[in-house]
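>>> need coordinates for the below:
(chains A and B, ligands or ions: 2)
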Amino acid sequence: MKAFAALFSAIDQSTRTTVKTAALAEYFRTAPDDDRLWTVALFSGRRPKRAVTTTQLREWASERAGLPLWLVEESYPIVGDLAETIALVLPPPGDTSDRSLSDWLGDLLTYPALDIAARKARTLDAWDRLDATERFLFNKLITGGFRIGVSRKLMTRALAQATGQDEAAMALRLMGDWTPQTTTWQRLVAAPDAEEDDSRPYPFYLAYQIDGAPETLGPPGDWLAEWKWDGIRGQMILRGGAHHVWSRGEELMTDRFPELARARDFLPEGLVFDGEIVAWDGAQPLPFNTLQQRIGRKTVSKKLLRDAPVVMLAYDLLEENGTDLRDRPLEQRRDRLDALLAELPDDANIRASPLIPFETWNALAQTRSTARDRRAEGLMLKRRDAPYLAGRKKGDWWKWKLDPLTVDAVMIYAQQGHGRRANLFTDFTFAVWNGNELVPFTKAYSGLTDAEFNKITAWVRRNTLQRFGPVRQVTPELVFEIAFEGIQPSSRHKSGLSLRFPRMARWRHDKPAQEANTLDDLHEMLALYG
Amino acid sequence: MNTPVLSFTDKGIYCPAGDFHIDPWRPVARALITHGHADHSRWGHDSYLSTDAAAPVIRHRLGDISIDTLRYGEQRRIGGATVSFHPAGHIPGSAQIRVEVAGEVWVASGDYKVSPDGLCEAFEPVKCHAFITECTFGLPVFKWAPQATVAADINAWWSACAAEGRPCLLGAYSLGKAQRVLALLNPAIGPILTHGAVENTNEVLRAQGYALPDTVRVTPDLDPKQHPGAMVIAPPSALGATWARRFRGAQVAMASGWMRLRGVRRRRGADRGFVLSDHADWDELHQAIRETGAEKVFATHGYTDIFARWLGSRGYDARIVPTEFGGDEDIAEDTA
Ligand SMILES: [Zn+2]
Ligand SMILES: [Zn+2]
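Ligands and ions are numbered 1, 2, ... in the order given. As a prediction, this is how the structure comes out:
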């Protein structure tokens, strides 16, 4: 674990991408095969399943540290990370260990077969042989929450550097359904065999939000426009007599959306579509909260299939007759996509996301303003002659989203942030007026600068009315503009509604609390856009 | 035992028998000052009393004030109270203030650390009935490594940067932390440059006889190229400012107890974070409280509610001191 901990420290200590990449590449050159394979797995989101609950971990840690549980729990919100809190409260290790990353991970994989007492014994033993950084990593791995500041792109680049291979080819090879148990470093990275994996998706191409007006993109004739749907981005693969549906997070979702299997009855082999999975009422998408019922359900009841049916709105064709089309211009891919899908009946459950014809940017802006009526979030602009790239790259694909909805709300509770913003007050609860009463309706914790969070933190300290553990009730005085992407009814909230992606758009220094919005205003928005 | 020896008012800690305040935050007639940090030593009091070791810095920071001094351990009768100052080990000249009224002894700790840093007067436990303790780092996650270990880390970092030809920029508060770091540096590695705010304090402390290595003040016309492999000590606020830009390719680090937390390290955006604090860690707080023999403990300056609850569960009569900022000044300057 020492080499991996050193790698982690090097990455964690640097703010420079080049330094992080170099540290990773060096590790990929020198680490033993099993360790580097696991490292690739971890940095591409293939984390081992959680081996113990966080409650068990807290209890064991407080016992080992000789501290009451409440004290460990009070420390947690201040540190901002449970794995770190535990690593810091434990007494210094009595021993060291030369076991490698894959040795420890091998251990964790045996946990499910052990009873709780044995899991605890192993965990305490590990804590006593690992230093602070190693413990932190071990705790991250054991709770299944291993996420550190390395993007997949960065990891892929380092891997390409270390092996002298092409970065795009490497990215493709790392996609799909492998784990360190089903492959080896040799097979996956060093000398992949020619045999292709039928289920393997392509790396997704991700768009940037356009800054400013689309006029900066040049002549409108160079661009195609589509609706930006509010669903789940996915790839549908028809190969080898089967179909596979992948999410952007590379999760296999085939069984979650059984209705998409219908595509096989109508389409030939050797196709890969990129598109959006949406709940569908027969003519247009249903609100996102309908689709939400389908997310996270591995088995789908008949009733749910009836109430929240899905289709794929395809907007790109990445492979046809088994041939990779990604280098062809978008226009050509789009023609083939339309030709394939044009004649399909509705119950094929896949349809082409329509192109929006337009002559001028002005006219397109008009169309965009009607997006909410179409249950879209705005528009996508794609360059006609662009290839399908991998990852988030500027230039060819742009999101042109609607301006968010906004309300002015009063801050009533504040809590210290996590991670990078531990020990600043950054997590707030906001309320709107219902008569003379302030009704909480949302939390938000992003959108302001560090300088503003510093100011608010000082203010919160001086204006605390009551403390409830880490939460402080504050004088209802500060007003913020809350921006959000959608609004939906909710029986779980006192306000009767919930927001999508709420964040603080700005601090309204100019507004007294009395002038914040009302619950009625929100319910009006719910009626219009919910 | 009618009136307590010390009470807590909206101006700060107050002694009714002697009619004086300790580290008050609003103007008062007579202020006893534990040390020169801005949250303890404020402008506007009619008269000041501090240790003779702390007075030069306080005068330097506050200008024309009326200040009287005592040596460590020297007693002074003020009204019905007898007061004396005892080393707090926090920064040069810092003190705990002992107040005795009719045989009952209370001690206000100010800020303190227990383990000696080799530069300032080492902490001295004072027996008392009631102890007002800071608890800036009063959580079990805060534990400091021995100073020698941190010093070795800092010097190793400096050597590595110097070998690459990069300057090192180290953020440390201008009074206390900066001088402590200076005293830990190995001047054989390279030249040491200082920000004006740090160097002004250095001058005051050197004149008092505190031993600091040779330093070069960074002035507008200083050419960093003339000082290859330099270590630059500056207040944290200068690190992100235009001032720091002249040191091209510099590696940036912070020295503070908060660097123990990964989140804070990352928020600071520094390349390195050295865990080096002038406050007591979790274990030192317990050691200090134990050695006073006090049964009554007041927690101030930090995670007071959690720390007082913990002490209460260990059999102490523990309470929270209300302060102007609701108890935790964990992002204020000079509390690192
Ligand atoms: Zn201080
Ligand atoms: Zn202080």
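>>> so B:His301 touches B:Ile132, yeah?
No: using CB atoms under 8 Å as the test, B:His301 is too far from B:Ile132 to be in contact (9.4 Å). Every residue, glycine included, has its C-beta placed from N, CA and C.
>>> looking at these two, which is more packed in?
B:His301 (29 against 26; other CB atoms under 10 Å in any protein chain shown).
>>> and the helices in chain B?
Per DSSP state H, chain B carries helices over the ranges B:55-62, B:147-164, B:177-184, B:196-208, B:236-239, B:242-245, B:262-268, B:282-292, B:304-313.
>>> deepest-packed of the ones you listed, please.
Among the helices of chain B, helix B:177-184 has the highest mean neighbour count (mean count of other CB atoms under 10 Å in any protein chain shown), at a mean of 24.
>>> weakest of the helices of chain B in terms of mean pLDDT?
Here the lowest mean pLDDT among the helices of chain B goes to helix B:262-268, at a mean of 80.
>>> per-residue pLDDT of B:Ala234, please?
At B:Ala234, the pLDDT value in this model is 96.
>>> how many neighbours does the closest residue to it other than its chain neighbours have?
Of all residues not flanking B:Ala234 in the chain, B:His195 sits nearest, at 3.7 Å (CB to CB, 6 or more residues apart in numbering or on different chains). Around B:His195 there are 23 other residues, counting by other CB under 10 Å.
>>> so how far is chain A from B:His195?
The gap separating B:His195 from chain A is 21 Å, by CB to the nearest CB, to the nearest Å.
>>> quick one, what contacts the residue lying closest to B:Pro322 once chain neighbours are set aside?
Distance criterion CB to CB, 6+ apart; nearest residue to B:Pro322, sequence neighbours excluded, is B:Phe8 at 6.0 Å. The contact partners of B:Phe8, by CB atoms under 8 Å, 6 or more residues apart in numbering or on different chains, come to B:Tyr14, B:Phe298, B:Val321, B:Pro322.
>>> any idea what the second one is bridged to?
In this structure, B:Phe298 has the following beta-bridge partners (DSSP bridges): B:Ile132, B:Arg319.
>>> tell me how many other residues crowd it.
The number of residues packed near B:Phe298 is 24, by other CB under 10 Å.
>>> show me where pLDDT drops low in chain A?
A:192-196, A:296, A:298, A:418-422, A:469 (pLDDT under 70).
>>> mind running it again at 50?
Applying pLDDT under 50 to chain A flags the ranges A:194.
>>> which residue would you name as the spatial centre of it?
Using CA atoms, centre = their mean, the residue of chain A that lies closest to the mean C-alpha position is A:Gly249, 7.0 Å off.
>>> mind checking the SS state of the residue nearest to it when sequence neighbours are not counted?
What sits nearest to A:Gly249 in space, not counting adjacent residues and going by CB to CB, 6+ apart, is A:Gly45, at 6.8 Å. Here A:Gly45 takes the coil state, with states given by DSSP: H, G, I helix; E, B strand; the rest coil.
>>> in this structure A:Gly45 contacts A:Arg152, no?
Yes: with contact defined as CB under 8 Å, A:Gly45 and A:Arg152 form a contacting pair (7.4 Å).
>>> separation between the residue nearest to B:Ala234 and ligand 2?
Distance, B:His195 to ligand 2, using CB to the ion, to the nearest Å: 21 Å.
>>> returning to what we had before: the more surrounded of A:Gly45 and A:Arg152?
A direct count of neighbours by other CB under 10 Å for A:Gly45 and A:Arg152 places A:Arg152 higher, at 16 against 12.
>>> chain neighbours aside, what residue packs nearest to that one?
The shortest distance from A:Arg152 to any non-neighbouring residue, by CB to CB, 6+ apart, is to A:Ser44 (5.5 Å).
>>> how many residues are close by B:Pro224?
Around B:Pro224 sit 16 other residues, with neighbours defined as other CB under 10 Å.
>>> check what pLDDT it gets.
On pLDDT, B:Pro224 comes in at 92.
>>> so who does it touch?
B:Pro224 is in contact with B:Pro167, B:Ala230, B:Arg246, B:Phe247, B:Arg248, counting by CB under 8 Å, 6+ apart.
>>> how close does it sit to B:Pro167?
Counting by CB to CB, to the nearest Å, the separation of B:Pro224 from B:Pro167 is 6 Å.
>>> where do the contact lists of those two overlap?
Shared contacts of B:Pro224 and B:Pro167, counting by CB under 8 Å, 6+ apart, come down to B:Ala230, B:Phe247, B:Arg248.
>>> show me where the stretch 51-200 of chain B has its strands.
B:67-70, B:76-78, B:81-87, B:95-101, B:104-108, B:130-135, B:168-171, B:192-194 (DSSP state E, counting those that start in this stretch).
>>> how far away is the residue nearest to B:Pro322 from B:Gln208?
B:Phe8 sits 33 Å away from B:Gln208, going by CB to CB.
>>> among the contacts of B:Pro224, which lie within strands?
Within these, no residue falls in strands by DSSP state E.
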